[in-house]
Structure formats: C-alpha cells, structure tokens
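S.K.: Compute the structure for the input listed below.
(one chain, ligands or ions: 1)
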Amino acid sequence: MTKNVLVTGCAGFIGYNLSKKLIHQEYSVTGIDSLNTAYDKKFKELRLKDLENEKNFQFVNNNLSDEDSLNELNNFDIVYHMGARAGVRQSFKDPLSYIKDNTIATTNVANFCKDNNIQKMILASTSSIYGNSGDKEMVEDLDEKINPPSIYASTKLSGETLAKTILSSHDTNLIITRFFTVYGPYGRPDMSILRFIHWIMENKEVIIFGDGEQRRSFTYVDDVVELLLKVQNCDNSETFNVGNNKTSSLNEVIKIIEKFSNKEALVNNQPRAFRDPDVVLPSLSKSKQILDWEPSTNIEEGIKSTIEWYSSFQDKIKDYTYIE
Ligand SMILES: NC(=O)c1ccc[n+]([C@@H]2O[C@H](COP(=O)([O-])OP(=O)(O)OC[C@H]3O[C@@H](n4cnc5c(N)ncnc54)[C@H](O)[C@@H]3O)[C@@H](O)[C@H]2O)c1
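M.R.: Residues are numbered from 1 along each chain as shown. Predicted structure coming up:
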C-alpha cells in the first residue's frame with residue numbers, strides 16, 4: 001500500500017533529496033516549506049521545480065511557526081520534519097527567527113503528530129548541539145551533558161526536548177536524527193563545500209574562516225537519505241547520529257576540489273568564526289547496531305559528484321548568491 005508521507009522543509013537541501021527518493025520509491029509525498037530567505041531563494045525554487053515535475057508530489061507553501069499551518073492536512077503515516085532555519089553564524093544575528101522556525105515550528109509539528117496519531121515523527125537535528133568534541137566521539141545518550149554553543153544549536157535542542165515531551169506516552173515514535181555537516185548535489189550556498197566549489201570553479205577568492213585545519217565529519221546526502229529511510233523500521237523512539245566515520249579538514253576539502261575541478265584555489269584566510277569547533281566527531285555505533293547503517297560515500301567520491309552536479313547547472317547557479 002502506498003505510504004503517505006509529509007516532508008517539511010521539502011524545498012531545502014535535505015528535504016528535497018529525501019522527497020525525491022521517497023517519490024521514486026512510490027511514496028505519496030506532501031511537501032511543506034515557507035521558502036524563507038535564509039539563503040538565496042532561487043536554490044529553493046530550483047529544487048521545488050524539480051519536485052513539482054513529479055506525479056506523486058504536492059506542495060503547500062506555509063510557515064510551520066503559524067499554529068494553524070497544518071490544519072488542512074491529515075492522513076499521513078510518517079512525518080519527516082526537515083524544515084528549520086539552519087546556520088550557526090547567522091543565528092547570533094537573528095535569534096528570534098531561529099526560535100520561531102526551529103523551536104515553535106517543531107512544537108507545532110509534534111502537536112500535529114500527537115493529535116493525528118501519526119506512527120512516526122522523524123526529526124532532523126544537528127551535531128552542532130555537541131560543540132567541540134576534541135578526540136572523543138560524541139555519543140547520542142549523554143543529553144544531560146550537552147551545552148549548545150550557538151543560538152542555532154540551542155533552538156534545535158529545544159525542538160528535540162519539546163518533541164520528546166509532547167510525544168511521550170503517545171503512540172507516535174519520535175526518531176531524532178542528528179546530522180553532521182551534510183553536503184552533496186542541490187546543497188546549501190551558505191555551507192563550506194558548495195561555496196568552495198563555486199568560488200574555485202568561478203576563479204573567485206576562497207574565503208576560509210581560520211587556518212582551515214578545523215575538521216568535520218562531512219556526510220554525503222545520499223547516505224543521510226538512506227538512513228532516513230531505514231529509521232522507518234525502528235519501532236522505538238531513538239536518537240541517532242548521522243555522520244561520516246572519517247573527518248576531513250577544510251584544507252583537505254579544498255585540495256580535493258582542486259583535483260577534480262582542475263583549478264587552483266585562491267585562498268584568503270579570515271579570522272575564525274565565533275565558537276567554531278576544532279573538530280566534531282560522531283560515534284556511529286548505535287546507527288550501525290540498530291539500523292545496520294554505515295556511511296558508504298568517501299569524501300573524494302562525494303565531492304566529485306557534487307562538482308559534476310554543479311557543472312550541470314553552472315550557467316544558471318553561478319550567478320546565485322553564496323553566503324560567506
Ligand atoms: N545540512 C546540514 O549539514 C545539516 C546539519 C545538521 C542538521 N541539519 C538539519 O537538517 C534539516 C535540513 O537542513 P538543510 O541543510 O536541508 O537546510 P535548508 O535550509 O536547505 O532547508 C530547510 C528548509 O526549511 C524551510 N523552513 C524553515 N523554517 C520553516 C518554517 N517555519 N515553515 C516551513 N518551512 C520552513 C526553509 O525554507 C528551507 O527550505 C534542518 O533541520 C537542519 O537543522 C542540517
């Protein structure tokens with residue numbers, strides 16, 4: 001039987017890639033997005049146009065921070081709540097928008113799941129809540145020790161906590177997926193890998209905040225989507241890290257982009273961003289043990305396909321705005 005799925009943030013990077021996969025697996029997908037201007041809206045319109053060519057997709061343009069934004073919708077088996085205002089640096093400038101789009105919107109989505117007896121709410125969260133990990137792998141179940149280092153991380157963690165409280169003692173399973181720096185085709189222009197690809201391919205200056213030695217668990221979007229499908233088999237409320245088992249530094253990323261684009265980066269190092277962690281390292285044992293999931297795309301393969309995607313849209317997207 002066809003499953004009916006609601007994907008929030010469907011015009012966003014991960015929501016788009018997830019919706020596309022679900023549609024191709026014969027799910028019926030309703031996507032909701034406010035198409036906000038946290039970054040150039042043209043990226044969202046590009047993704048949405050692609051989804052709207054699909055038969056099993058319908059779009060609702062609503063803002064989930066409005067209490068009645070989901071009133072007209074019902075009959076879903078699963079809700080994937082991918083919608084959020086992402087971005088660490090921007091969050092210090094505009095806390096209220098983050099509270100609305102993350103804390104309040106997540107509360108509304110969790111209430112919707114409770115009131116409609118939805119089987120599963122799958123909530124996108126973030127490795128940003130952990131802050132700097134040093135050489136210790138971050139495990140999922142030490143929540144009481146978490147001290148979020150940014151407004152973005154605080155609003156995401158409060159979304160997790162509120163959803164847990166709202167759905168406890170109800171039939172909806174809450175599955176929280178904490179993503180570690182996701183990249184890939186249709187990516188975000190405010191995140192390092194797509195910005196670096198754009199700047200290098202267009203012979204522009206490559207701005208790096210700090211010396212570029214900070215390391216991240218860069219995770220390819222197809223691996224993330226694979227896990228998001230696998231969590232449907234999870235019968236309990238759980239929290240999972242979704243990352244890569246090998247970290248890379250920004251300087252290593254630049255070298256890989258240079259290799260596959262055949263171009264040289266004109267690097268301009270700027271002062272390090274506020275509270276930017278040195279390294280964020282996931283423990284992936286739980287996702288391996290419970291879901292039999294492991295990331296399968298290494299950073300070289302992932303960057304190569306992201307460059308191929310960029311090249312196929314280059315004429316159009318080279319003039320879009322990329323946030324420093
Ligand atoms: N991309 C990453 O590396 C990463 C890492 C950790 C966590 N996450 C989380 O994954 C999820 C998806 O992130 P993304 O990278 O696709 O971001 P994105 O900004 O590309 O997508 C989010 C989408 O949600 C929409 N949205 C925001 N507030 C809304 C609201 N109130 N109502 C309706 N729609 C709203 C935006 O317009 C956007 O299209 C987010 O929850 C984010 O916090 C992403």
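S.K.: what about stretch 212-229, start to end distance?
M.R.: 34 Å (CA to CA, to the nearest Å).
S.K.: What residues sit buried inside that stretch?
M.R.: 212, 214-229 (16 or more other CB atoms under 10 Å). Using the backbone N, CA and C atoms, a C-beta is placed for each residue, glycine as well.
S.K.: which bits of the stretch 51-200 of the chain sit near the ligand?
M.R.: Listed as neighbours of the ligand in the stretch 51-200 of the chain under the rule CB under 6 Å from any ligand atom: 63-65, 82-86, 101, 105, 124, 126, 156, 179, 181-182, 188.
S.K.: Go again with 5 Å.
M.R.: Counting by CB under 5 Å from any ligand atom, the residues of the stretch 51-200 of the chain close to the ligand are 63-65, 82-84, 86, 101, 105, 124, 126, 179, 181-182, 188.
S.K.: which residues touch whatever residue of the stretch 201-324 of the chain ends up closest to the ligand?
M.R.: Nearest residue of the stretch 201-324 of the chain to the ligand: Thr219, at 7.4 Å (CB to the nearest ligand atom). Contact analysis of Thr219 by CB atoms under 8 Å, 6 or more residues apart in numbering lists Phe179, Phe180, Thr181, Val182, Tyr183, Val242, Gly243, Asn244, Pro295.
S.K.: so which pair among those is furthest apart in space?
M.R.: Pairwise distances across the contacts of Thr219 (CB to CB) peak at 12.9 Å, for the pair Tyr183 and Val242.
S.K.: just for this protein, where's the confidence low?
M.R.: 143-144 (pLDDT under 70).
S.K.: can you give me the helices in the stretch 101-250 of the chain?
M.R.: 105-115, 151-167, 192-201, 221-230, 250-261 (DSSP state H, counting those that start in this stretch).
S.K.: In a markdown table: these, plus distance to Asn71.
M.R.: Shown next, in a markdown table, are the helices of the stretch 101-250 of the chain (distance: least, CB to CB, whole Å):
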| stretch | distance to Asn71 |
| --- | --- |
| helix 105-115 | 9 |
| helix 151-167 | 17 |
| helix 192-201 | 35 |
| helix 221-230 | 26 |
| helix 250-261 | 44 |
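S.K.: then stretch 54-63 to CSV, C-alphas only?
M.R.: The C-alpha coordinates for stretch 54-63 follow below in CSV (Å, rounded to 0.1, in the frame of the first residue of the first chain):
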residue,chain,number,x,y,z
GLU,A,54,6.8,14.5,-10.2
LYS,A,55,3.4,12.8,-10.2
ASN,A,56,3.3,11.8,-6.5
PHE,A,57,4.1,15.2,-5.1
GLN,A,58,2.1,18.1,-3.8
PHE,A,59,3.4,21.3,-2.4
VAL,A,60,2.0,23.5,0.4
ASN,A,61,3.6,26.9,1.0
ASN,A,62,3.0,27.5,4.7
ASN,A,63,5.0,28.7,7.7
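S.K.: How about residues contacting that stretch?
M.R.: With CB under 8 Å, 6+ apart, stretch 54-63 has contacts from 2, 10, 19-20, 23, 26-36, 48, 51-52, 69-70, 72-73, 105.
S.K.: of those, buried ones?
M.R.: Here, 16+ other CB under 10 Å leaves 10, 19-20, 23, 27-34, 36, 48, 51, 69-70, 105 buried among these.
S.K.: wait, Glu213 sits on Val253?
M.R.: No. Applying CB atoms under 8 Å, one finds Glu213 not in contact with Val253, separated by 11.5 Å.
S.K.: ok, back up a step: restricted to helices, list the buried ones among the contacts of stretch 54-63.
M.R.: Among those, the ones falling in helices (DSSP state H) are Ser19, Lys20, Ile23, Leu48, Leu51, Ala105.
S.K.: Among the residues you listed, pick out the one closest to Ile323, please.
M.R.: Leu48 (19.8 Å).
S.K.: isn't that closest one right next to Cys10, touching?
M.R.: Yes. At 7.4 Å, Leu48 counts as touching Cys10 under the criterion of CB under 8 Å.
S.K.: hmm, back to that, for the ligand, state which of the ones in helices among the buried ones among the contacts of stretch 54-63 is nearest.
M.R.: Taking CB to the nearest ligand atom as the measure, the ligand sits nearest to Ala105 out of these, at 4.1 Å.
S.K.: How many neighbouring residues does the closest residue to that closest one other than its chain neighbours have?
M.R.: In this structure, Ala105 finds its nearest non-sequential neighbour in Leu64, 3.7 Å apart by CB to CB, 6 or more residues apart in numbering. Applying the criterion other CB atoms under 10 Å, we find 25 residues in the vicinity of Leu64.
S.K.: what are the ranges of the strands in the stretch 1-150 of the chain?
M.R.: 4-8, 28-32, 57-60, 78-81, 120-126 (DSSP state E, counting those that start in this stretch).
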